[in-house]
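**Q** Below is the sequence, then the predicted model.
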There are 2 protein chains.
Amino acid sequence: MDISTSTINLPKGMKSEKTPAAPGRPRAFDVDQALETAMNLFWKQGYEGTSLTDLTEAMGINRPSLYAAFGNKEELFRKVVERYGSGPGRHATTSLAEPTARQVAEAMIRGSVNLLGDKSHPRGCLMVHGALACSEDSAEVQQDMAAMRSSAETQLRERFARAQAEGDLPVTANPADLARFVQAVTQGMAVLAASGATGEELARVGDLAMQAWPK
Amino acid sequence: MDISTSTINLPKGMKSEKTPAAPGRPRAFDVDQALETAMNLFWKQGYEGTSLTDLTEAMGINRPSLYAAFGNKEELFRKVVERYGSGPGRHATTSLAEPTARQVAEAMIRGSVNLLGDKSHPRGCLMVHGALACSEDSAEVQQDMAAMRSSAETQLRERFARAQAEGDLPVTANPADLARFVQAVTQGMAVLAASGATGEELARVGDLAMQAWPK
DNA sequence: TGATATGTGTACCATTCAGTAAATAATACG
DNA sequence: CGTATTATTTACTGAATGGTACACATATCA
């Protein structure tokens, strides 16, 4: 019923990586790999554009296995989003740890460029492409994605406000406006990537955007 | 079979607005109004997120009437996109006529802000929300939308190159980069609008973006 | 060897999808 | 009037949607 096969650290020998082996028939597929496959599909085709048949065929499993492991389509999508946030979209949170506001913005933009210009991934950003416009059936997923984008903006704004207090951002600057601007640029680059923009082209968009940074 | 009821200018009296009245049962709904309704639905829910039932119910007509008047779902969408381009999204082309590169960029951004901040419309941009991520069934529509966004970028680049030749844009500036930057900002604002950003907030994003403009 | 617990495979469910056949209704023209 | 033409209505099609019942397979534990 649960995802994880609950890897428990029992300090027996040196290599205590294996799970304690639960009873019942063992799962015949790799959950983590299946999640990765689902992520790439949702990333490319969006939540509603990806059917259960698309998913099970790509994962190489049957419908009931998917439901047993991930709940349903919506729960699977949420798990994919979580994985995305701690994987490919990691820079959205790690960038906040940079020492100055400018470096935070630069790291955020550079991270987006790296992600969006990477040809080993679908072009775009799951947070933007996942459920931007969809039917009313998926309104909740849609709103959640919007809320997560807004939350990223809020974190950025608070980071910039802190920077202002710390003195590395002019008092004349507006943290909320700067946060929204960085969000606009990175999300705009996500749309550009979907139109076929290359990594170099996106990087130059980022460089231009940083020209607007308050001095 | 055709859309228009073919308003022909026959200079009989002063007011020659009415159509010559074709034979057959007259259409019971206003084609233009139906297109407007369809546009708002596609705008809000995207191409795949809008079902024929959504459309016919909102238009107040039956399925066969829709097919007789507009062909099919895809053709209807293309007609909606055309209407959008000459209506709400007009600024994307009219801005090019501004006298200087800077004024073109400002007009483009201001036009986007006005559109995206207008609460009488769905939040966002049809060119971005219409078919950003979708199933493979709609790949053609998706590619067409990407091509139209790219085309807008090309027009902008050529306009900036002309400006450079005319001397109102520094020779050190890069027209292609500037065009892509303006596109990134406006499309990013479209995503922000979908997350709930207000017109005032978007306007400040636009002001910040113009700070990056070459002097 | 059971008993229990879990996963897989097949085959199905009701609903919705885009699209259409055919009968009927409303107009123009002769 | 009758004929031709076009639009509306109802009812339908086959395929795809998300989700599930149930029999069977494979594991642990006693």
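**A** Thanks, I have it. Because the structure is a prediction, the values reported are computed rather than measured. Numbering: from 1, shown residues only, chains lettered A, B, ... in the order given.
**Q** use CA for all of it now, contacts and neighbours both
**A** Noted.
**Q** any idea how far A:Gln33 lies from A:Val80?
**A** Going from A:Gln33 to A:Val80 by C-alpha to C-alpha, to the nearest Å gives 11 Å.
**Q** quick one: which of the two has more around it?
**A** Using other C-alpha atoms under 10 Å in any protein chain shown, the more surrounded residue of A:Gln33 and A:Val80 is A:Val80, with 20 against 11.
**Q** Would you mark the buried spots in the helix or strand harbouring the more buried one?
**A** A:Val80 is located in helix A:73-86, with elements delineated by DSSP states H and E. Using 16 or more other C-alpha atoms under 10 Å in any protein chain shown as the test for burial, helix A:73-86 gives A:Lys73, A:Leu76, A:Phe77, A:Arg78, A:Lys79, A:Val80, A:Val81, A:Arg83, A:Tyr84, A:Gly85.
**Q** Equivalent analysis for stretch A:116-131, please.
**A** Buried residues in stretch A:116-131, counted by 16+ other C-alpha under 10 Å: A:Leu116, A:Gly117, A:Pro122, A:Arg123, A:Gly124, A:Cys125, A:Leu126, A:Met127, A:Val128, A:His129, A:Gly130, A:Ala131.
**Q** Isn't the fourth one up against A:Gln45?
**A** No. Taking C-alpha atoms under 8 Å as the definition, A:Arg123 is not a contact partner of A:Gln45, at 10.4 Å.
**Q** Which neighbours do those two have in common?
**A** When C-alpha atoms under 8 Å, 6 or more residues apart in numbering or on different chains defines a contact, no residue borders A:Arg123 and A:Gln45 alike.
**Q** can you list the residues of chain A near DNA strand D?
**A** Residues of chain A that fall close to DNA strand D, judged by C-alpha under 7 Å from any atom of the strand: A:21-26, A:48, A:50-54, A:63-64, A:67, A:72-74.
**Q** at 6 Å what do you get?
**A** A:21-26, A:50-53, A:63-64, A:67, A:72-73 (C-alpha under 6 Å from any atom of the strand).
**Q** residues near the residue of chain A found nearest chain B, how many?
**A** The nearest approach of chain A to chain B comes at A:Gly188, 3.5 Å away (C-alpha to the nearest C-alpha). Counted by other C-alpha under 10 Å, the residues lying close to A:Gly188 total 30.
**Q** cool, A:Ala139 as well?
**A** A:Ala139 has 15 neighbouring residues, counting by other C-alpha under 10 Å.
**Q** one step back: switch the buried residues of helix A:73-86 over to TSV; also include distance to B:Asn40.
**A** Formatted as TSV, the buried residues of helix A:73-86 follow (distance: C-alpha to C-alpha, whole Å):
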residue	distance to B:Asn40
A:Lys73	28
A:Leu76	31
A:Phe77	28
A:Arg78	29
A:Lys79	32
A:Val80	31
A:Val81	29
A:Arg83	34
A:Tyr84	32
A:Gly85	32
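**Q** could you dump the residues you listed to TSV with pLDDT?
**A** Shown next, in TSV, are those (pLDDT from 0 to 100):
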residue	pLDDT
A:Lys73	98
A:Leu76	98
A:Phe77	98
A:Arg78	98
A:Lys79	98
A:Val80	98
A:Val81	98
A:Arg83	98
A:Tyr84	98
A:Gly85	98
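**Q** Check those against A:Ala165 and report the nearest one.
**A** Taking C-alpha to C-alpha as the measure, A:Ala165 lies nearest A:Gly85 of the buried residues of helix A:73-86, at 28.3 Å.
**Q** check contacts around the closest one.
**A** Applying C-alpha under 8 Å, 6+ apart, the residues near A:Gly85 are A:Ala92.
**Q** Spell out which helix or strand contains A:Ile61, please.
**A** Short version, using DSSP H and E: A:Ile61 is in no helix or strand.
**Q** For the spatially closest residue to it that is not a sequence neighbour, give its distance to A:Val80.
**A** Here the nearest residue to A:Ile61 in space, its sequence neighbours aside, is A:Phe29; by C-alpha to C-alpha, 6 or more residues apart in numbering or on different chains that works out to 7.6 Å. As judged by C-alpha to C-alpha, A:Phe29 and A:Val80 stand 17 Å apart.
**Q** got it, and A:Leu55?
**A** Counting by C-alpha to C-alpha, the gap from A:Leu55 to A:Val80 is 12 Å.
**Q** which neighbours do these two share?
**A** Listed as contacting both A:Leu55 and A:Val80 by C-alpha under 8 Å, 6+ apart are A:Ala38.
**Q** what's the angle between the helix ranked longest in chain A and helix A:73-86?
**A** Using DSSP state H to define each element, chain A has its longest helix at helix A:139-166. Helix A:139-166 runs at 20 degrees relative to helix A:73-86, counting by axes from the mean of the first three to the mean of the last three C-alpha atoms, to 10 degrees.
**Q** Downstream of helix A:139-166, the next helix or strand is which one?
**A** Moving toward the C-terminus from helix A:139-166, the next helix or strand (DSSP H and E) is helix A:175-194.
**Q** For that next one, name the packing helices and strands.
**A** Helices and strands touching helix A:175-194, by 3 or more C-alpha pairs under 8 Å, 6 or more residues apart in numbering or on different chains; DSSP states H and E, are helix A:101-117, helix A:139-166, helix A:199-210, helix B:175-194, helix B:199-210.
**Q** Do the longest one and DNA strand C come into contact?
**A** No. Applying C-alpha under 6 Å from any atom of the strand, one finds helix A:139-166 separated from DNA strand C by no less than 13.7 Å.
**Q** Direction-wise, compare that helix with helix A:175-194 and give the angle.
**A** Using the same axes, to 10 degrees: helix A:139-166 against helix A:175-194 is 130 degrees.
**Q** repeat for the last one
**A** Interaxial angle of helix B:199-210 relative to helix A:175-194 (the same axes, to 10 degrees): 70 degrees.
**Q** related to what we said a few turns ago, and the helices and strands packed on helix A:175-194, which is most packed in?
**A** Compared across the helices and strands packed on helix A:175-194, helix B:175-194 shows the largest average neighbour count, a mean of 26 (mean count of other C-alpha atoms under 10 Å in any protein chain shown).
**Q** As CSV, could you dump the C-alpha coordinates of that helix?
**A** C-alpha atoms of helix B:175-194 as CSV (Å, rounded to 0.1, in the frame of the first residue of the first chain):
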residue,chain,number,x,y,z
PRO,B,175,18.3,42.2,-31.7
ALA,B,176,17.8,38.5,-31.4
ASP,B,177,18.6,38.5,-27.7
LEU,B,178,16.3,41.5,-27.0
ALA,B,179,13.5,39.9,-29.0
ARG,B,180,13.8,36.7,-27.0
PHE,B,181,14.0,38.7,-23.7
VAL,B,182,10.8,40.6,-24.5
GLN,B,183,9.1,37.3,-25.4
ALA,B,184,10.4,35.7,-22.1
VAL,B,185,9.0,38.6,-20.1
THR,B,186,5.6,38.7,-21.7
GLN,B,187,5.1,34.9,-21.7
GLY,B,188,6.4,34.7,-18.1
MET,B,189,3.8,37.4,-17.2
ALA,B,190,1.2,35.1,-18.8
VAL,B,191,2.1,32.4,-16.4
LEU,B,192,2.2,34.8,-13.5
ALA,B,193,-1.3,36.0,-14.4
ALA,B,194,-2.5,32.4,-14.3
